[in-house]
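Novice: based on what follows, work out the 3D shape:
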Amino acid sequence: MELRQLRYFAKVAETLNFSEAAKVLCITQSTLSQQIRQLETEMGVALFERNSHAVALTEAGEHLLPQAITTIDEADTCMEKILDLRRLLTGTLNIGVTYSFSPMITDPLISFMKLYPHVKLNIYYKTVDELMDMLRKRQVDFVLAFKPMEVGADVTFHTLFDSRLSVIVREGHALSSRKELGLDDIKDCDFALPMRGMQARNKLSAIIGERIANLRVKAELNEVNILLHLVRSTDIVTILTEATLHGHTGIKAIPLNITGSDMAGCVHVLKNSYRKHSASEFLKLLSESNAVRQRVSEWL
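Specialist: Numbers count the residues shown, from 1 in each chain. Purely as a prediction, here's the structure:
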């Protein structure tokens, strides 16, 4: 049995599609099928049930899968530790970032690439639920997101900075001179809101409940830059975290005066997981960036 074969097996088990798994693994489908057959022959059992329409795990395959994943994770961690011990900041760093958090990482991203040109960065922009699923599957090394409403027992988080939900308006808007706003103050505004599933939208829905239906929503978007451009160019307003405006001009964040509107920018990692040196270096640069350095926690 080879580690490579276990990786192949785990990917087929994840996708339940030999063609799709082969593409992800960057090998031919015939090579993948051959390696799986060799693994089955060595173990003396069938791992997959195959027919012309579907692929499914056998009972033996279901039993092998969690052990295969554990073996793969332990092998990867072993290699990462050896590379780190040799002080070779090489390899790959996989970072998950929510859409609302994305403006915060531009400067540290540029700095990291200049300092460590041999480290490949994979940045995944998705909703917090999608990223937490990737974290649990060890597809990302950590997730940068505002603290979700619920954090699973297998995930721990470290607060980088505090923020809060705010009403975002263009400079010169009739509300732009206000120090704070309540729901009654914005009931006559036209809104473009972040899409359902995005953290600011999840938080807003959680704290105002059914009252969100009273807002005059003209559009919903899952792309923050376009959303802010829309606000900057019209009298439409939106609700996002104040920190999301980092690096943007021509718009203003006015705190939303509603109980529970506070949000914390966090780093999320799996409990008891190994942290790569490259991850520590990136998070150090993030903590020292203009976006967060005045509010950074001491956990780093």
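
Novice: test my guess that Thr106 contacts Asn225.
Specialist: No. Thr106 is not in contact with Asn225 according to CB atoms under 8 Å; the separation is 11.3 Å. From N, CA and C alone the C-beta is placed, and that goes for glycine too.

Novice: any idea how far Leu47 is from the closest residue to Val45 other than its chain neighbours?
Specialist: The shortest distance from Val45 to any non-neighbouring residue, by CB to CB, 6 or more residues apart in numbering, is to Ala60 (4.1 Å). When distance is defined by CB to CB, to the nearest Å, Ala60 is 6 Å away from Leu47.

Novice: which of those two has more neighbours?
Specialist: Leu47 (22 against 15; other CB atoms under 10 Å).

Novice: which helix or which strand is home to the closest residue to that one other than its chain neighbours?
Specialist: Leaving aside its chain neighbours, Leu47 sits nearest to Gly61 (3.9 Å; criterion: CB to CB, 6+ apart). Gly61 belongs to helix 59-85 when elements are defined using DSSP states H and E.

Novice: list the buried residues in that helix.
Specialist: 61, 64-65, 68-69, 71-72, 80, 83-84 (16 or more other CB atoms under 10 Å).

Novice: ok, now stretch 50-60?
Specialist: Those would be 55, 57, for stretch 50-60 by 16+ other CB under 10 Å.

Novice: dump that stretch to CSV, restricted to CA.
Specialist: Extracted C-alpha coordinates of stretch 50-60, given in CSV (Å, rounded to 0.1, in the frame of the first residue of the first chain):
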residue,chain,number,x,y,z
ARG,A,50,-19.1,0.7,-9.9
ASN,A,51,-21.7,0.7,-12.6
SER,A,52,-22.3,2.8,-15.7
HIS,A,53,-24.2,5.4,-13.8
ALA,A,54,-22.7,5.8,-10.4
VAL,A,55,-19.8,5.0,-8.0
ALA,A,56,-20.4,4.2,-4.3
LEU,A,57,-18.2,3.1,-1.4
THR,A,58,-18.5,-0.5,-0.3
GLU,A,59,-18.6,-1.4,3.4
ALA,A,60,-14.8,-1.9,3.3
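
Novice: before we move on, back to that, contacting residues around the residue nearest to Leu47?
Specialist: Counting by CB atoms under 8 Å, 6 or more residues apart in numbering, Gly61 touches 9, 13, 46-48.

Novice: the closest residue to Thr58 other than its chain neighbours: neighbouring residues, count only.
Specialist: Using CB to CB, 6+ apart and skipping the chain neighbours, the partner closest in space to Thr58 is Ala46 (5.2 Å). Residue neighbour count, defined by other CB under 10 Å, stands at 16 for Ala46.

Novice: can you verify Ala46 is assigned to a helix?
Specialist: No. Secondary structure of Ala46 (DSSP: H, G, I helix; E, B strand; the rest coil): coil, not part of a helix.

Novice: for it, give me its contacts.
Specialist: Ala46 neighbours (CB under 8 Å, 6+ apart): 40, 58, 60-61.
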